[in-house]
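> Output the structure for:
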Amino acid sequence: MDSHGKENANAMAGNPFHYVTELQKHASELAAVPADWMPWNYLATLESGQGCHGG
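Purely as a prediction, here's the structure:
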């Protein structure tokens, strides 16, 4: 399994509090592109900068 696969696996079994908190912090981005904020890829979205909102 590559590192991206491990990251996805960790996100799936990871901290649900962190996931929900990030969804709340990035509500406008979530509304615009919900597919980027699924439990298995939200960390990649955050890391890529797509979840940055300047506030």
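> pLDDT below threshold where in the protein?
For the chain, the stretches flagged by pLDDT under 70 are 1-13, 52-55.
> same thing but 50
1, 54-55 (pLDDT under 50).
> can you pull out the helices in it?
3-13, 16-25, 27-32, 42-48 (DSSP state H).
> buried stuff in the second one?
Neighbour-count burial for helix 16-25 flags 19, 22-23 (criterion: 16 or more other C-beta atoms under 10 Å). Every residue, glycine included, has its C-beta placed from N, CA and C.
> Closest one of the residues you listed to residue 50?
If you rank these by distance to residue 50 using C-beta to C-beta, residue 22 comes first, at 12.0 Å.
> Setting aside sequence neighbours, what's the nearest residue to that closest one?
With sequence-adjacent residues excluded and distances taken as C-beta to C-beta, 6 or more residues apart in numbering, residue 22 is closest to residue 42, at 6.1 Å.
> Can you report how many residues neighbour that neighbour?
Neighbour count for residue 42, taken as other C-beta atoms under 10 Å: 21.
> I'd guessed it sits against residue 36; true?
Yes. Residue 42 is within contact range of residue 36, at 7.3 Å (criterion: C-beta atoms under 8 Å).
> and for these two, which residues touch both?
Residues touching both residue 42 and residue 36 by C-beta atoms under 8 Å, 6 or more residues apart in numbering: residue 51.
> mind checking how far the residue nearest to residue 22 is from residue 34?
Using C-beta to C-beta, to the nearest Å, residue 42 is found at 11 Å from residue 34.
> and if you look at residue 47?
Taking C-beta to C-beta, one finds residue 47 at 18 Å from residue 34.
> Report how many residues lie close to the residue nearest to residue 19 when sequence neighbours are not counted.
Setting aside the residues directly before and after it, residue 19 is nearest to residue 39 in space (C-beta to C-beta, 6+ apart), at 5.9 Å. A total of 15 residues lie near residue 39 under the criterion other C-beta under 10 Å.
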